[in-house]
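S.K.: Provided below are the primary sequence and the corresponding predicted coordinates.
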Amino acid sequence: MAAGRVGAVLLILGGLGCAHLGSRPMERATLGTGRYAVQSIRSRAALDGVEQILELSEQGTKLIDASGAEHVLTERGALMLSENGVCRLALAVSVDGEEPGVSDHACTWQLQGDQFMLGDARGAGTRTVYQVKHSAGRLVLEGVSDLDPDGNVVGDAKGERIILVERPLEIAGRSADRTSEERAAQEIQEYLHEL
């Protein structure tokens, strides 16, 4: 039963980074090649036929399904940016403490000033533009718009957000107490190490 819920969540998140995964910055925004832990990710998703914003985080997100049952989704993940504009976005999502399902997507990225663009692996599909802000040791990517391959705005990405931490190994180094959340963190780190 939980495996079906994990599969549904991963299917929803399958489009992140391809078409979804103005204020003064508090600190200088810096984003470049390297590995980043995904602390939380917020994207548009259709759940039970209704489009809404879904946020997944390390702390856990409560979600009510169509039958009225409450579920807690936790997420661990990483975004790896290579120098050649290629990237990987990997997420381990656990529902109600069950074994996590892993979603791994090849992607492309580009940084122009404080605008970060994240697209599909082929570079031919829709790209999402994010405004990069640096806040309290985190990189906050706030959704701006979706662009087609020719650079035309084809969608609104406002409300979407990815929060990154520059030290993903710090997450993996936590003492393992064998809870599902800690296993999820360990699994995603092992998985990412193999990429």
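M.R.: Done, it's in.

S.K.: which residues of this structure fall in helices?
M.R.: Assigned by DSSP state H, the chain shows helices spanning 2-13, 168-172, 180-194.

S.K.: between the ones you listed, which has the poorest average model confidence?
M.R.: Among these, helix 168-172 carries the lowest mean pLDDT, a mean of 40.

S.K.: is it true that residue 77 touches residue 36?
M.R.: No - Residue 77 is beyond contact range of residue 36, at 9.2 Å (criterion: CB atoms under 8 Å). Where C-beta positions appear, they are placed from N, C-alpha and C, glycine not excepted.

S.K.: out of the two, which sits in the busier spot?
M.R.: Neighbour tally, residue 77 and residue 36, criterion other CB atoms under 10 Å: the higher count belongs to residue 77, 31 against 23.

S.K.: residue ranges with poor pLDDT in this structure?
M.R.: Low-confidence segments of the chain, defined by pLDDT under 70: 1-29, 123, 167-195.

S.K.: can you pull out the strands in it?
M.R.: Ranges of strands within the chain are 34-47, 50-57, 61-64, 70-81, 86-95, 101-112, 115-120, 127-135, 138-147, 153-156, 161-165, based on DSSP state E.

S.K.: what packs against the fourth one?
M.R.: What that stands for is strand 70-81. strand 34-47, strand 50-57, strand 61-64, strand 86-95, helix 180-194 (3 or more CB pairs under 8 Å, 6 or more residues apart in numbering; DSSP states H and E).

S.K.: Thank you, goodbye.
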